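*Asks:* Let's see this in three dimensions:
(one chain, ligands or ions: 1)
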Amino acid sequence: MNKNKAYYECADIIRARTGMKRFRTAAILGSGLGSVLEGIDKKTVISYAELPDFPLPKVEGHAGNVICGEINGVSVVGFQGRAHLYEGHPPQSLLTPIRTLKMLGVEVLVQTNSAGGLRENLKPGTLAVITDHINFFGNIPLTGENDAAIGPRFFDMTHAYSPELIKIMKRCAAEYCIPLKEGVYAYFMGPNFETPAEIRAMKLLGADLVGMSTVPETLTAVHAGIQVAALSCVTNYGAGISKTPLSHEETLAESKIAGKKMSELIFVKHARGQLKGTPVKIATVINFPHGTGNPAEYMETAKQALESGADELDFVFPYRDWLNGNRTVAVSKLQSMSALRNGRTVLKIILETGELPDLKTVREISDVCLQTGIDFLKTSTGKTPVSASPEATSVFLEAIRDFGHPCGIKPSGGIRDYAVADRYLSMAETAWGKDMISAANFRFGASGLLDNLLGGLSSLHTENTVQQDMKNISVSPPFNNTPH
Ligand SMILES: O=P(O)(O)O[C@H]1O[C@H](CO)[C@@H](O)[C@H]1O
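*Replies:* So this is what the prediction gives:
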């Protein structure tokens, strides 16, 4: 290999600055997605400007930093932003970042980008894994003399986007209940967005996504023997499909939201890794937080959650349907959710009691839930002005006692200190009898309570119940807000 190439020097600088010799995995973070790796461990940030011959992005949303560190003990190097050919960079200048990765020992490159969606199911906000691409623009980084030490003159693109990595991405997304679509990415050089006719043509040719990046880097990486995976964040429908004019502002606004989902995918995984081998149970919220979700979508999410090993589902009762007079609709949604359970699933129903007009309604809905055979009545999502209340909890306790079959309760939302928690517990003891209360039928929504409990645990007479309960942690799917 020719030692004069700038990418050797870039790799040396990165090694020296980070003290890390080798990086296994790399990520390129597209428009507005630069924050995805912000939370990595042992972080070092190096500006592209410090690296010789590194093309500097000039577009907003591309910070131009190398961010290095570790995720779950795996060394990662990320590029916050990329240079695009439409910025006027010579195509060959895009070789430097990818070959720097090669010199650092990178085996897997995960690319992200913002893209237009060409199909109805690829609506803004969707994440899609790229399965292949279409490139009609000849001027790519590998045009010109070939460096045979890096890769062959002619190289195969049959599996440019590693089928193995695609499988892993899909598995991870399913595990963390992140809806993930897939599609073929059509590369346009830009900087203009495409015309409606171009979009129609691309659709006919089999494209699902469209964008102005990723392909030069994929080609350069595949040539160098690096495995590629790529994830598009759909920020808009393609021209002619979108009802509004396309703009980079829209790209940035949408990708900011999706960037959070991407980070959560990475860091929920991190948390999951840490929980491995512990008795901590995984619960996920469904139809959260308003109980107004699209049944097809939340049923799919619940299915995926169960397939991925979730132990518990916290379903927000469609209380707005109920309050609008559509009681049959609300009950049928509840029954469908209940029917989805496997033998070991714990189903908790969040009634959102603070939004119900009176205690009579709390009782009516509680009775319907009990007749459906659910496992816990839960007061609140914590997202409404009024959350758990002793009055609603008392109605739960009576309804369950009258029903005569086991069902637990979970006061949740706004319970922040153990004195208050203790009051709820005393209510349950009075209603059901002290010996009847256990972690199997009494829980708190503990997220705001946990630190306080840890401080005062030893003095609490219900130590065993609370400790047991703390083994049940709720993990919200990344598309939702965290439940309380
Ligand atoms: O592909 P990334 O770099 O994410 O950015 C996409 O967003 C920009 C257009 O808004 C274009 O650069 C397009 O390619």
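*Asks:* Whatever residue of the chain ends up closest to the ligand: how many residues sit nearby?
*Replies:* Closest approach between the chain and the ligand, counting by CB to the nearest ligand atom: Gly30, at 2.4 Å. Every C-beta, even on glycine, is put in place using the N, C-alpha and C of the backbone. For Gly30, the neighbour count with other CB atoms under 10 Å is 31.
*Asks:* Identify the residue nearest it in space, chain neighbours excluded?
*Replies:* Asn113 (3.6 Å; CB to CB, 6 or more residues apart in numbering).
*Asks:* in terms of contact, does the one you found touch Val36 like I think?
*Replies:* No - counting by CB atoms under 8 Å, Asn113 does not reach Val36; the two are 11.8 Å apart.
*Asks:* Compare neighbour counts for the two and give me the winner.
*Replies:* More neighbours surround Val36 than the other of Asn113 and Val36, with 29 against 26 (other CB under 10 Å).
*Asks:* What separation do you get for the more buried one and Val331?
*Replies:* The gap separating Val36 from Val331 is 41 Å, by CB to CB, to the nearest Å.
*Asks:* mind listing the helices in the stretch 151-300 of the chain by residue range?
*Replies:* For the stretch 151-300 of the chain, the helices defined by DSSP state H, counting those that start in this stretch occupy 163-175, 196-205, 215-223, 248-275, 295-307.
*Asks:* Confidence-wise, which of those helices is weakest overall?
*Replies:* Sorting the helices of the stretch 151-300 of the chain by mean pLDDT places helix 248-275 lowest, at a mean of 69.
*Asks:* hmm, back to that, for the residue nearest to Gly30, name its beta-bridge partners.
*Replies:* Beta-bridge pairing for Asn113 (DSSP bridges): Ser232.
*Asks:* Renumber starting at 11 from here on
*Replies:* OK, 11 is where the count begins now, so the last one is Asn123.
*Asks:* contacting residues around it?
*Replies:* Counting by CB atoms under 8 Å, 6 or more residues apart in numbering, Asn123 touches Gly40, Ser41, Leu43, Tyr195, Gly221, Ser223, Thr224, Ala240, Leu241, Ser242, Cys243.
*Asks:* What pLDDT is listed against it?
*Replies:* The predicted local confidence for Asn123 is 93.
*Asks:* Not counting its neighbours along the chain, what's nearest Ala21?
*Replies:* Closest residue to Ala21 apart from its sequence neighbours, by CB to CB, 6+ apart: Met113 at 3.6 Å.
*Asks:* Could you check how many residues crowd around Leu66?
*Replies:* Leu66 has 15 neighbours, counted by other CB under 10 Å.
*Asks:* How about the secondary structure of it?
*Replies:* Of the three states, Leu66 takes coil under DSSP: H, G, I helix; E, B strand; the rest coil.
*Asks:* One more: the one 10 residues further on?
*Replies:* The local conformation at Val76, judged by three-state DSSP, is strand.
*Asks:* which ones are touching it?
*Replies:* So Val76 contacts Ile24, Val55, Ile56, Ser57, Tyr58, Leu61, Val87, Gly88, Phe89, Gln90 (CB under 8 Å, 6+ apart).
*Asks:* Just list the residues touching the fifth one, thanks.
*Replies:* Read that as Tyr58. Applying CB under 8 Å, 6+ apart to Tyr58 gives the contacts Phe64, Pro65, Leu66, Pro67, Gly74, Asn75, Val76.
*Asks:* rewinding a little: what sits against the residue of the chain closest to the ligand?
*Replies:* Residues in contact with Gly40, defined by CB under 8 Å, 6+ apart, are His72, Gly91, Arg92, Gln121, Thr122, Asn123, Ser124, Ser223, Thr224, Cys243, Ser265.
*Asks:* Please report phi then psi for it.
*Replies:* Backbone dihedrals for Gly40, given as degrees, to the nearest 10, come out at phi -80, psi -160.
*Asks:* and the residue lying closest to Ala234 once chain neighbours are set aside, how many neighbours does it have?
*Replies:* Nearest non-adjacent residue to Ala234, counting by CB to CB, 6+ apart: Lys112, 4.6 Å away. Lys112 has 23 neighbours, counted by other CB under 10 Å.
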